[in-house]
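1. Sequence and computational prediction follow.
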Amino acid sequence: MGKIQVLDKSVSNKIAAGEVVERPASVVKELLENALDAGATHITVEIKNGGITYIRVTDNGIGMAKEDVPVALLRHATSKIADERDLDAISTLGFRGEALSSIAAVSKFEIYTKTQDEETGTHLISEDGEMIDCSEAGCPAGTTVIVRDLFMNTPARMKFLKKNYTEAGYIADIVNRLALARSDVSFRLLSDGKESLFTTGDSDLLAGIYAVYGKDLKNTMCRAEYTESGVSVSGFCATAQGARPNRSMQSFFVNGRYIKSPLLARAVEEAYKNELMGGKFPACVLLITLPHSMVDINVHPTKLEAKFADEKMIYHCVYWAAKNALYQKTEIPAVTLSAEEEAPAMPMKKQENPIFTAPQRPAARMQEPAAARQKEESSPFVWRGLSQKATEQHTIRFPQKAEPDVAIQNEEPKMPAPPLEKAVSAPAEKSTEMPVLEVEQPKLAAEEKTDHSYRICGQVFDTYIIVEKDGQMLLIDQHAAHERLRYEALLVQYEGHAVESQMLLLPVTLRLTAVEESQFAEHQDALNEMGFVAEPFGEKTVILRGAPEALEEEALKSLFLEVLGHLSEKRKDAQSQKAQRALYTIACKSAVKAGNKLTEQEMRALLDAVFDLGPKNTCPHGRPITVAMTRGFIEKQFKRIV
């Protein structure tokens, strides 16, 4: 007896549905594309429980005639194409005729539709892909599709769905993208009775960006335009101020269709080269228009990818569109001076034909005592190691400094040079001239104790500490070293569920996108475990009352979004690995930076902790902490030895 058999229609339909309907967001995407193809100018999407139990999409498009409604549920039934020649010039978002049949195969399905010419509409009810009833009904012109109990007959698919707010976030992302692609259409999204998006449909793309992403990002947008060889690129790109820690705010549309394209992302990021810090990605909304024969969108089951006939030309056009946007606005941070600082500047010698005018320092600042200026201009930070209760490693603190008397305040603090004859191993004596570090050494067994005999030679470029130790000259990267120490401290605290939070004097509010809002709801507990005290604060807004580090407001917002991005990554990593990457980011942001001038006590506290790290000689990102040069190597460079 043969082993090959033809599958039953119900089975084949459910398999086909798996290619089109991955989650509730897939249903919304297909129904929205059908509505746009029908010429709708107003579309309303309503969902309940993340779209798992209820989805309704209503549009004011052309509708369907009564005789077409039952046929629309058949597989490969479509009005968009007639033969294979049409595949070379697809101008509609949908064309395969699989959407309605695939959705109906895995849900309880209803459709109300009416054309402008008909007096009454049509109501169709389907379950498990089988039509139950099709009759006349009173309804407005257009189409309304209702999908209930998605995957009710495929429980294996149901168990792979995520929590309701996560699925709602995926749906919001789809609606947001299409709202940006079609700014001439009014979109409205209701989730569990609450409106989360509304666009006016007035063809103003910038207004759409405001509705989707908020005022802060909209204010950083610059118009992007470029046209060549039949390819036209238009839209907006954000300045470096609007950069994000991930690519979630990069939207590319080809002939009105949202696609994911590494090629287009690379083109934009290349245009921003040397404009952004590492780990930052540009935000953009770019609409690419080109002849339909130059693009194939039939290369992916859900039409999220496209293949271009001339990739170099597309890359070139997108690159220059983004570059033109960057050239429009020069980012110069605005500085607001106090009344005291606006005093007349010191006179300067007149230069002939100056290339630029150097800013003049106010006289009031020049008259300040040197010690006060040094205190103000330095970048104070706190060495925060682990508490003895959490771990048996270093705890490094700055105790409160006694107020210096007037005589000392008017002098530059002097650092007593260590003797050259021997290495220094003990902290300097306490003095009122500078902060004193108290280092709490770990309680180690006698055989484990190490003798940190070394001599601090100085600090070069306010970044690298020069140390003489064991016949070698060591160069130590202060940022990499402190970053490793902060990470080790945070890791132990995180594993012990005891990450310290710095409560903010003034809470900080953050505006989130719909996707970020769902991500926050999913990972709020994990964020709390990492030291963020955050809670919802109205629509698409959270309020930060505490953080693992007390940073400036903008830096704190950036840190929060980066950590949220790490926790929400779609990479197939264990949650613990995502948490570790989030801790990397916190450690990096809170570590002392390159360019910070350190006192000898600060350097000594850092070095003592670094030398106790043992074989760990890299920061969490893999950069080396210490580079050693032997005496022999140095003498070879000076030809003392051959």
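-> Yep, that arrived. All figures in this text were calculated on a predicted structure; none of them were measured in a lab. Residues are numbered from 1 along each chain as shown.

2. Where does Glu110 fall, secondary structure wise?
-> In the assignment (DSSP states H and E), Glu110 maps to strand 108-114.

3. and what of Phe187?
-> Going by DSSP H and E, Phe187 is part of strand 186-191.

4. cool, and Ala325?
-> Counting by DSSP H and E, Ala325 is found in helix 311-328.

5. which strands and helices sit next to the strand or helix carrying Thr122?
-> Using DSSP H and E, Thr122 maps to strand 121-127. If you count contacts as 3 or more C-beta pairs under 8 Å, 6 or more residues apart in numbering; DSSP states H and E, strand 121-127 packs onto helix 69-72, strand 108-114, strand 130-137. From N, CA and C alone the C-beta is placed, and that goes for glycine too.

6. Just checking: what are the partner strands of the second one?
-> Note on strand 108-114: by DSSP bridges, its sheet partners are strand 121-127 (antiparallel), strand 142-148 (antiparallel).

7. residues in contact with the first one?
-> Right, the one you point to is strand 121-127. 63-64, 66, 69-70, 73, 104, 108-114, 131-140 (C-beta atoms under 8 Å, 6 or more residues apart in numbering).

8. ok so, going back, tell me which of the helices and strands packed on strand 121-127 sits nearest to Gly169.
-> Of all the helices and strands packed on strand 121-127, the one in closest proximity to Gly169, counting by C-beta to C-beta, is strand 108-114 (24.0 Å).

9. At which residues are the helices of the stretch 401-550 of the chain located?
-> Using DSSP state H, counting those that start in this stretch, the helices of the stretch 401-550 of the chain run over 406-409, 478-495, 514-529.

10. mind giving me a markdown table with those and columns for mean neighbour count?
-> Converted to a markdown table, the helices of the stretch 401-550 of the chain look like this (neighbours: other C-beta atoms under 10 Å):
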| stretch | mean neighbour count |
| --- | --- |
| helix 406-409 | 10 |
| helix 478-495 | 23 |
| helix 514-529 | 20 |
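
11. quick one: which of those helices is nearest Thr44?
-> The nearest among those, by C-beta to C-beta, is helix 514-529 at 15.9 Å.

12. which among the contacts of strand 121-127 end up buried?
-> 63-64, 66, 69, 73, 104, 108-114, 134, 139 (16 or more other C-beta atoms under 10 Å).

13. OK, contacts around Gly169?
-> 514-515, 517-519.

14. Apply 6 Å and report the result again.
-> Neighbouring residues of Gly169 by C-beta atoms under 6 Å, 6 or more residues apart in numbering: 515, 518.

15. what about it, which helix or strand?
-> Here Gly169 is assigned to helix 164-181, by DSSP H and E.

16. Can you tell me what sits against the strand holding Glu110?
-> By C-beta under 6 Å, 6+ apart, the list of residues contacting strand 108-114 reads 63-64, 121-127, 139, 141, 143-149.

17. Of the residues you listed, keep whichever come out buried.
-> Buried among these by 16+ other C-beta under 10 Å: 63-64, 121-124, 126-127, 139, 141, 143-148.

18. Would you check which pair of those lies furthest apart?
-> Once C-beta to C-beta is applied, the buried ones among the contacts of strand 108-114 give Glu127 and Ala141 as the farthest pair, at 26.6 Å.

19. can you map out the helices along the stretch 151-300 of the chain?
-> Using DSSP H, counting those that start in this stretch, helices in the stretch 151-300 of the chain cover 155-158, 164-181, 205-213, 215-218, 262-271.

20. just flag whichever of those helices has the lowest average confidence.
-> The weakest mean pLDDT among those belongs to helix 155-158, with a mean of 81.

21. Where does pLDDT dip in the stretch 501-642 of the chain?
-> Counting by pLDDT under 70, the stretch 501-642 of the chain contains low-confidence ranges at 570-576.

22. where does the protein dip in pLDDT?
-> Where the chain drops to pLDDT under 70, the residues are 1-2, 5, 7, 9-19, 76-92, 94-97, 300-302, 329-451, 570-576.

23. Can you give me the domain assignment for it?
-> According to automatic domain parsing, the chain comprises the domains 9-203, 206-328, 447-642.

24. quick one: contacts for Ala224?
-> Here Ala224 is in contact with 235-237, 321-322, 325 (criterion: C-beta under 6 Å, 6+ apart).

25. Distance to Met530 and neighbour count for those - can I get that in JSON lines?
-> As requested, the contacts of Ala224 are arranged in JSON lines below (distance: C-beta to C-beta, whole Å; neighbours: other C-beta atoms under 10 Å):
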{"residue": "Gly235", "distance to Met530": "36", "neighbour count": "24"}
{"residue": "Phe236", "distance to Met530": "33", "neighbour count": "26"}
{"residue": "Cys237", "distance to Met530": "32", "neighbour count": "26"}
{"residue": "Ala321", "distance to Met530": "38", "neighbour count": "28"}
{"residue": "Ala322", "distance to Met530": "34", "neighbour count": "26"}
{"residue": "Ala325", "distance to Met530": "35", "neighbour count": "26"}
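
26. what's the neighbour count on Glu195?
-> For Glu195, the neighbour count with other C-beta atoms under 10 Å is 12.

27. so how far is Ile47 from it?
-> Using C-beta to C-beta, to the nearest Å, Glu195 is found at 12 Å from Ile47.

28. and what of Thr626?
-> 55 Å.

29. Compare these two (neighbour count), which wins?
-> Taking neighbours as other C-beta under 10 Å, Thr626 and Ile47 compare with Ile47 leading, 28 against 21.

30. I'd like to know which of the helices and strands packed on strand 121-127 is closest to Leu205.
-> strand 108-114 (30.3 Å).

31. check contacts around Met64.
-> Met64 neighbours (C-beta under 6 Å, 6+ apart): Thr113.

32. in which helix or strand would I find it?
-> Going by DSSP H and E, Met64 is not in any helix or strand.

33. Could you do His566 as well?
-> Assigned by DSSP H and E, His566 falls in helix 553-567.

34. angle of that helix against helix 514-529?
-> Using axes from the mean of the first three to the mean of the last three C-alpha atoms, to 10 degrees, the direction of helix 553-567 lies 90 degrees away from that of helix 514-529.

35. Contacts for the helix holding Ala325, please.
-> By C-beta under 6 Å, 6+ apart, helix 311-328 touches 222, 224, 226, 228-229, 231, 233, 237, 263-264, 267-268, 270-271, 308.

36. let's see it at 7 Å
-> Applying C-beta atoms under 7 Å, 6 or more residues apart in numbering, the external contacts of helix 311-328 come out as 222-226, 228-229, 231, 233, 237, 263-264, 267-268, 270-272, 275, 284, 286, 288, 308.

37. Distance from that helix to the middle of the chain?
-> In terms of C-alpha atoms, centre = their mean, to the nearest Å, the centre of helix 311-328 is found 23 Å from the chain centre.

38. Stretch 209-227 now?
-> 17 Å.

39. then it to PDB, C-alphas only?
-> Only the C-alpha atoms of stretch 209-227 are listed here, as PDB (Å, rounded to 0.1, in the frame of the first residue of the first chain):
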ATOM      1  CA  ILE A 209       5.300  60.900  13.300                       C
ATOM      2  CA  TYR A 210       4.100  63.000  16.200                       C
ATOM      3  CA  ALA A 211       1.100  60.700  16.700                       C
ATOM      4  CA  VAL A 212       3.200  57.600  16.600                       C
ATOM      5  CA  TYR A 213       6.500  58.500  18.300                       C
ATOM      6  CA  GLY A 214       5.700  61.700  20.200                       C
ATOM      7  CA  LYS A 215       6.800  65.300  20.300                       C
ATOM      8  CA  ASP A 216      10.500  64.700  21.300                       C
ATOM      9  CA  LEU A 217      11.400  62.600  18.300                       C
ATOM     10  CA  LYS A 218       9.300  64.700  15.900                       C
ATOM     11  CA  ASN A 219      11.200  67.800  16.900                       C
ATOM     12  CA  THR A 220      14.500  66.100  15.800                       C
ATOM     13  CA  MET A 221      13.300  65.200  12.400                       C
ATOM     14  CA  CYS A 222      14.700  66.700   9.200                       C
ATOM     15  CA  ARG A 223      13.200  66.200   5.700                       C
ATOM     16  CA  ALA A 224      15.000  63.700   3.500                       C
ATOM     17  CA  GLU A 225      14.600  63.700  -0.300                       C
ATOM     18  CA  TYR A 226      16.500  62.300  -3.200                       C
ATOM     19  CA  THR A 227      15.500  61.200  -6.700                       C
END
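
40. All set now, cheers.
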